[in-house]
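Asks: model the following, please.
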Amino acid sequence: MARPALPMEQTEAGLPERVTIWEVGPRDGLQNEKTVVPVEVKAEFIRRLLAAGLPIVEATSFVHPRWVPQLADAAELMSGLGEAGRDLPVLVPNERGLDRALELGLRHVAIFGSATETFAQRNLNRDLESQFAMFEPTVRRAREAGLDVRAYVSMCFGDPWEGAVPIEQVVMVGCRLLDLGASQLSLGDTIGVGTPGHVTALVRAFAAAGVGTERLAVHFHDTYGQALANAHAALLAGVTTFDASAGGLGGCPYAESATGNLATEDLVWMLRGLGVESGVDLPALVATSVWMAEQLGRPSPSRVVQALGTRGAESGA
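Replies: Sure thing, here's the model as predicted:
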């Protein structure tokens, strides 16, 4: 049976005309791999993603290799990407990570905070309050050096140790990070338990606190099959920046059966069907994820990659 290469477009009232996809596959996806991916493969992956029209590709993290050995080659990767690499965001957990980014002349960094006490202690070795003191000099120095700073907040929709996370607590943490000097806040459903109504309520709570959707991004995991539904709810709420991972790379180590990040291809397919522009060449992106799956030795979990990748194979493409 023939499969359509692109969905039929049917617009929906109240949606933005265009969104930005913040591609996290090379960093958030590959950091969860059990084996280390060669730096040459990572560099080629990033180049292919950029060529497919993704406007922002988060390349790596300057975290200590002891904690994330899969990204121990961060400096080598960014150096090898040359001038193009200077515009790619990187995660910096603290001032030491920022120092490494500054040495390479990078222009965009991100910090990674927690909405809950337990995850802050487990992931940052800080309590909920003292994480801000850790981030303050990192953000201040980055801004003084002319760098853009993004802030991630994890466990915004639920925590595996604490359970439900109060919306007002998420808003408090997010506003504190923005007040430090972050230009954008990415709200993470780290264990994939969020639902559309929860997404709408959280976005509205930030609006009530004076934080508009132009400063928000969303980062969904598909553990319970809700990522696309949550993305649609965020669209309706006015969010225009969406984190996603090519081929659905990545997973959550804190929830059994977690199926990883929202696949970029699945998001683009939905956006195309809704008439929302992203600038992404879907066939090129699918081909990139098929190639990356071959490098990793396993099929992509993305449903669109499975459908279109198989279609391409059947047609001899």
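Asks: all strands for the stretch 51-200 of the chain, in order.
Replies: 56-57, 60-61, 90-91, 108-114, 148-154, 184-189 (DSSP state E, counting those that start in this stretch).
Asks: now render these as a markdown table, adding distance to V36 and mean neighbour count.
Replies: For every residue, glycine as well, the C-beta is placed using N, CA and C. A markdown table is the format used below for these (distance: least, CB to CB, whole Å; neighbours: other CB atoms under 10 Å):
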| stretch | distance to V36 | mean neighbour count |
| --- | --- | --- |
| strand 56-57 | 20 | 22 |
| strand 60-61 | 12 | 26 |
| strand 90-91 | 17 | 26 |
| strand 108-114 | 21 | 23 |
| strand 148-154 | 23 | 22 |
| strand 184-189 | 25 | 24 |
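Asks: adding distance to E294 and mean pLDDT, write those out as JSON lines.
Replies: Listed next are the strands of the stretch 51-200 of the chain as JSON lines, based on distance: least, CB to CB, whole Å; pLDDT from 0 to 100:
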{"stretch": "strand 56-57", "distance to E294": "20", "mean pLDDT": "98"}
{"stretch": "strand 60-61", "distance to E294": "21", "mean pLDDT": "96"}
{"stretch": "strand 90-91", "distance to E294": "26", "mean pLDDT": "98"}
{"stretch": "strand 108-114", "distance to E294": "29", "mean pLDDT": "97"}
{"stretch": "strand 148-154", "distance to E294": "30", "mean pLDDT": "98"}
{"stretch": "strand 184-189", "distance to E294": "29", "mean pLDDT": "98"}
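Asks: can you put those in JSON lines and add distance to P301?
Replies: Output for the strands of the stretch 51-200 of the chain, formatted as JSON lines (distance: least, CB to CB, whole Å):
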{"stretch": "strand 56-57", "distance to P301": "20"}
{"stretch": "strand 60-61", "distance to P301": "22"}
{"stretch": "strand 90-91", "distance to P301": "23"}
{"stretch": "strand 108-114", "distance to P301": "23"}
{"stretch": "strand 148-154", "distance to P301": "21"}
{"stretch": "strand 184-189", "distance to P301": "17"}
